[in-house]
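Student: Here you go, sequence then predicted model.
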Amino acid sequence: MTADLMIVLVLLLGAVAMFAIGRPRMDVVAILMILALPLSGVLTVPETLAGFADPNVVLIAALFVVGEGLARTGVTYRLGDWLTRTAGESQTRLIVLLMLSVALLGAVMSSTGVVAIFIPVAVSIASRTGISTRMLMMPLSFAGLISGMLTLIATTPNLIVDAELQRAGLGGFDFFAITPFGLVILVLGTVYMLFAGRFLGGDATGAAGARRTFSSLIADYRVDARTQRYRVGGRSPLIGLPLAEVDDVDGHRATVLMIERSRLFRRTVHLTADDVVVGKGDVLFVDVSFSEEERERLQLEPLEMTEGFFHDYSRQVGMAEVLIAPDSAAAGKSVRMLQLSTRHGVQAVGIRHGGRVVDRDFADLRLAVGDTLLVTGAWQAITALGGARRDYILLDLPAESAEVAPAANQAVFAIASVLLMVVLMVTGLVPNVIAALIACVLMGAFRCIDMNSAYRAIHWPTLLLIVGMLPFALALERTGGVDLVVDGLLAALGGAGPYVLLGGIFVLTAAIGLFVSNTATAVLMAPIAISTAVHLGVSPYPFAMMVALAASSAFMTPVSSPVNTLVVEPGRYRFIDFVRIGTPFTIITLVVSVLLVPMLMPL
């Protein structure tokens, strides 16, 4: 083992360790590797930065924009509405249609984005039909993962494997090369979930035909147990204070939810903007219960809290649950640090953290991906918060909300742009990256998306991760690392034949994917798989295909993929639920892949 290979392996193991513990962020790890490789002398600066010029990096960025165009024009939500109408109250039909819809849409846009869009749809259906969300969320995540097996552009690992084939001087995959395998796995996955779902069990979200209400949300998050109503006396020291200064009252961490104000025989509600000033006679809704001595000192008169105190103001005050999204800037921050009132015009009144409702003092609790917040504010502000899908996913709005259909005037142009892109990719008239850029330009020209939305839609951490990990493939190949792994595989499994080696490639890829993102896994495994085939003197395409399929088979743990992480809280799942349901299906996918891949792609 050479010194250069030692350096590369140490850097690679360091990157894997940081990916596994989640610190620092994946894109920061990628930047550290971009710095380390040229400083170590293993690669030159141009070789390390070559990923920025890789056509697939541009293609992935363009596909983010295309997916956002479909969401902004309401195409995705219309699909959800169709699903609701067609499925009715049949659980079997609902699961089948849900998985097919998610897989179909995920074939042309980010699976994480598709699942984020369909979570509120599934929650809404569950609340209206009485079907448990536990029965719907796991099929939703499985379909999102399987969608990556349906087209070349469905997920980043497919494009990574395709690029590695081309870098090795071979022709890349066709647009639908992976589709036959994905369709078989999708059918098996759908049938599997119809039977395995019964082991998830769980209580229904609500009574059939009913949506969640303010009352049920308040009870679920135990808001009523800590919210009090006080009238401000004429000599209260709070008079004249802006709300931004009322959050620390007499040593209490108090959150003012809203202010009720009576003027000229008219009762109005003021939401919690920081510039609102407390006045004499105002009624404060706060999440702190003051002692008698404290009430006297602050001149606060306790008032009766009616059962429907939020419902009474539902025309002015909205309420909804929001989920912390993967790679959200909110993850790791406290509720207080988010400054929801200042930035988004809403206030957090409840939190579910790690599957449990936090009763009190949650303002300084550090949030994690998958946590849910119960927020209040103007309906317009809540809707706008739902538009910030990079950070927050708005779950099903309660029954008090008005039914607002998405503005879909440009939907036909968005669909036409995507269809043209797919036709261009399938026919090969232009390179894939050019076809995707054409779709982006058309969506912009038809006002399906504006430039600001397009830039926000691009998931820059993913691009940085790809750019930072791509040089490792070259570094491992140049220093003999790829040959070392290939020799180990051949020594261990070579005598058993290529079928066993295909299975070994799948298992190794899936195992690495338990700790490392599927993108990084594909970067590491693609050259190893292709080199293994070359050493055996067989076609490299089956081996490359096994990497692509295995990279999307992240069914076994809730942290294997952001798709799984998203559904944990809405489905009230535990870690063991994914192990029990995901492990058998991963084995099924392995067996199907080993049997089908050599059959359709001869060795």
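Tutor: Now that the structure is in, tell me what you want to look at. Every value quoted in this text rests on a predicted model; they were computed, and no experiment measured them.
Student: remind me which residues of the stretch 301-450 of the chain are low pLDDT?
Tutor: 305-316, 360-361, 386-389, 396-409 (pLDDT under 70).
Student: Now do the strands for it: every range, in order, please.
Tutor: Using DSSP state E, counting those that start in this stretch, the strands of the stretch 301-450 of the chain run over residues 318-324, 346-353, 356-357, 372-377, 392-394.
Student: Save the ones you listed as CSV, and put in mean neighbour count too.
Tutor: Backbone N, C-alpha and C define where each C-beta goes, glycine included. Below are the strands of the stretch 301-450 of the chain laid out as CSV (neighbours: other Cβ atoms under 10 Å):
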stretch, mean neighbour count
strand 318-324, 26
strand 346-353, 22
strand 356-357, 12
strand 372-377, 25
strand 392-394, 23
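Student: Serialize the ones you listed to TSV and add fields for distance to Met149.
Tutor: Output for these, formatted as TSV (distance: least, Cβ to Cβ, whole Å):
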stretch	distance to Met149
strand 318-324	26
strand 346-353	33
strand 356-357	35
strand 372-377	30
strand 392-394	24
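Student: Tell me which of these sits nearest to Leu152.
Tutor: strand 392-394 (27.5 Å; Cβ to Cβ).
Student: Between the strands of the stretch 301-450 of the chain, which one is closest to Ile512.
Tutor: So among the strands of the stretch 301-450 of the chain, strand 318-324 is nearest, using Cβ to Cβ, at 26.4 Å.
Student: So which elements touch the closest one?
Tutor: Counting contacts by 3 or more Cβ pairs under 8 Å, 6 or more residues apart in numbering; DSSP states H and E, strand 318-324 packs against helix 214-220, strand 372-377, helix 379-387, strand 392-394, helix 562-571.
Student: Tell me who's in contact with Arg222.
Tutor: Arg222 sits next to Gly350, Val357, Asp359 when contact means Cβ atoms under 8 Å, 6 or more residues apart in numbering.
Student: For Val430, grab phi and psi.
Tutor: Main-chain dihedrals, Val430, degrees, to the nearest 10: phi -140, psi 160.
Student: Could you report the neighbour count for the residue nearest to it when sequence neighbours are not counted?
Tutor: Spatial nearest neighbour of Val430, excluding adjacent residues (Cβ to Cβ, 6 or more residues apart in numbering): Leu424 at 5.4 Å. Leu424: 19 surrounding residues under other Cβ atoms under 10 Å.
Student: thinking Leu424 is in contact with Leu437, fair?
Tutor: No. Using Cβ atoms under 8 Å, Leu424 is not in contact with Leu437; the gap is 10.4 Å.
Student: Would you mind splitting the protein into its domains for me?
Tutor: According to automatic domain parsing, the chain comprises the domains 59-206+411-457, 228-304, 313-394.
Student: out of the ones you listed, nearest to Phe472?
Tutor: Per Cβ to Cβ, nearest to Phe472 of the domains of the chain: domain 59-206+411-457, 11.7 Å.
Student: gap between the two ends of that closest one?
Tutor: Domain 59-206+411-457 has an end-to-end distance of 14 Å (criterion: Cα to Cα, to the nearest Å).
Student: how much distance is there from that domain to the middle of the chain?
Tutor: Taking Cα atoms, centre = their mean, to the nearest Å, the mean C-alpha location of domain 59-206+411-457 is offset from the chain mean by 13 Å.
Student: what's the answer for stretch 221-233, then?
Tutor: Between the centre of stretch 221-233 and the centre of its chain there are 34 Å (Cα atoms, centre = their mean).
Student: For it, list every residue counted as buried.
Tutor: Neighbour-count burial for stretch 221-233 flags Tyr221, Val223, Arg226, Thr227, Gln228, Arg229, Tyr230, Arg231, Val232, Gly233 (criterion: 16 or more other Cβ atoms under 10 Å).
Student: try stretch 432-446
Tutor: 432-440, 442-444, 446.
Student: could the residues you listed go into TSV alongside distance to Asp27?
Tutor: Shown next, in TSV, are these (distance: Cβ to Cβ, whole Å):
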residue	distance to Asp27
Asn432	24
Val433	22
Ile434	27
Ala435	27
Ala436	22
Leu437	23
Ile438	28
Ala439	26
Cys440	22
Leu442	30
Met443	26
Gly444	26
Phe446	32
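Student: Kindly indicate which of those residues lies nearest Ala511.
Tutor: Nearest to Ala511 among the buried residues of stretch 432-446 is Asn432, at 30.0 Å by Cβ to Cβ.
Student: Leaving out sequence neighbours, find the closest residue to the closest one.
Tutor: Nearest non-adjacent residue to Asn432 (Cβ to Cβ, 6+ apart): Met425, at 5.2 Å.
Student: these two touch, right, Met525 and Leu549?
Tutor: No. Using Cβ under 8 Å as the test, Met525 is too far from Leu549 to be in contact (11.4 Å).
Student: before we move on, the earlier item: please produce CSV containing the buried residues of stretch 221-233, extended by pLDDT, distance to Val187 and secondary structure.
Tutor: Formatted as CSV, the buried residues of stretch 221-233 follow (pLDDT from 0 to 100; distance: Cβ to Cβ, whole Å; DSSP: H, G, I helix; E, B strand; the rest coil):
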residue, pLDDT, distance to Val187, secondary structure
Tyr221, 80, 40, coil
Val223, 76, 44, coil
Arg226, 68, 49, coil
Thr227, 74, 50, coil
Gln228, 76, 55, strand
Arg229, 79, 56, strand
Tyr230, 82, 60, strand
Arg231, 85, 63, strand
Val232, 84, 64, strand
Gly233, 85, 69, coil
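Student: Show me which pair in the residues you listed is furthest apart.
Tutor: For the buried residues of stretch 221-233, and using Cβ to Cβ, no pair is farther apart than Tyr221 and Gly233, which are 30.1 Å apart.
Student: can I get the CA coordinates of stretch 470-487 in PDB?
Tutor: This file holds the C-alpha atoms of stretch 470-487, laid out as PDB (Å, rounded to 0.1, in the frame of the first residue of the first chain):
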ATOM      1  CA  LEU A 470     -16.300  12.900  -7.500                       C
ATOM      2  CA  PRO A 471     -12.500  13.400  -7.100                       C
ATOM      3  CA  PHE A 472     -12.400  10.400  -4.800                       C
ATOM      4  CA  ALA A 473     -13.200   8.100  -7.700                       C
ATOM      5  CA  LEU A 474     -10.100   9.400  -9.600                       C
ATOM      6  CA  ALA A 475      -8.000   9.400  -6.500                       C
ATOM      7  CA  LEU A 476      -8.800   5.800  -5.600                       C
ATOM      8  CA  GLU A 477      -8.200   4.700  -9.200                       C
ATOM      9  CA  ARG A 478      -4.900   6.500  -9.500                       C
ATOM     10  CA  THR A 479      -3.500   5.300  -6.100                       C
ATOM     11  CA  GLY A 480      -4.700   1.700  -6.600                       C
ATOM     12  CA  GLY A 481      -7.600   1.800  -4.100                       C
ATOM     13  CA  VAL A 482     -10.100   0.500  -6.600                       C
ATOM     14  CA  ASP A 483      -7.900  -2.400  -7.500                       C
ATOM     15  CA  LEU A 484      -7.400  -3.200  -3.900                       C
ATOM     16  CA  VAL A 485     -11.200  -3.500  -3.200                       C
ATOM     17  CA  VAL A 486     -11.700  -5.400  -6.500                       C
ATOM     18  CA  ASP A 487      -9.000  -7.900  -5.600                       C
END
